[in-house]
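Visitor: No letters, just coordinates:
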């Protein structure tokens, strides 16, 4: 499975950058958990906040001053070519569940589910 992981950080509140657990903030924790999702070959961070340090070296960042649903979907479409599936998560949701994501991806593949 060849998957794209999209982390959406547009319009994120400053509170998302406050330390939560082990010196990490919500974004860092979300990226850490997202890196454990099965089959992820590329992680894309869509952000409106300039990042001074990138917590993940293999991260592809697309920054815009503001995002709409249209620009977000266009960015995802531009990066998703060649991938079998895409995961999507909010950057300020630090408790992503890689095991659940794996079960959902397997179910999606088994039943050849498609969203069009």
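Guide: Received the coordinates, thanks. All values reported here derive from a predicted model rather than from experimental measurement.
Visitor: all strands for the protein, in order.
Guide: All strands of the chain, identified by DSSP state E, fall at 3-9, 40-47, 59-63, 85-90.
Visitor: Is it possible to get CSV of the ones you listed that adds distance to residue 18?
Guide: Quick note: C-beta positions are derived from backbone N, CA and C, even for glycine. Formatted as CSV, the strands of the chain follow (distance: least, CB to CB, whole Å):
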stretch, distance to residue 18
strand 3-9, 15
strand 40-47, 17
strand 59-63, 21
strand 85-90, 16
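Visitor: Make TSV from those strands and add mean pLDDT to it.
Guide: Formatted as TSV, those follow (pLDDT from 0 to 100):
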stretch	mean pLDDT
strand 3-9	92
strand 40-47	92
strand 59-63	88
strand 85-90	91
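Visitor: winner for burial among those strands?
Guide: Neighbour counts (mean count of other CB atoms under 10 Å) averaged over each of the strands of the chain peak at strand 3-9, with a mean of 22.
Visitor: Taking strand 40-47 as reference, get the angle to it.
Guide: Orientation check (axes from the mean of the first three to the mean of the last three CA atoms, to 10 degrees): strand 3-9 against strand 40-47 gives 20 degrees.
Visitor: which other helices and strands contact strand 3-9?
Guide: On a contact count with 3 or more CB pairs under 8 Å, 6 or more residues apart in numbering; DSSP states H and E, strand 3-9 meets helix 26-34, strand 40-47, helix 69-79, strand 85-90.
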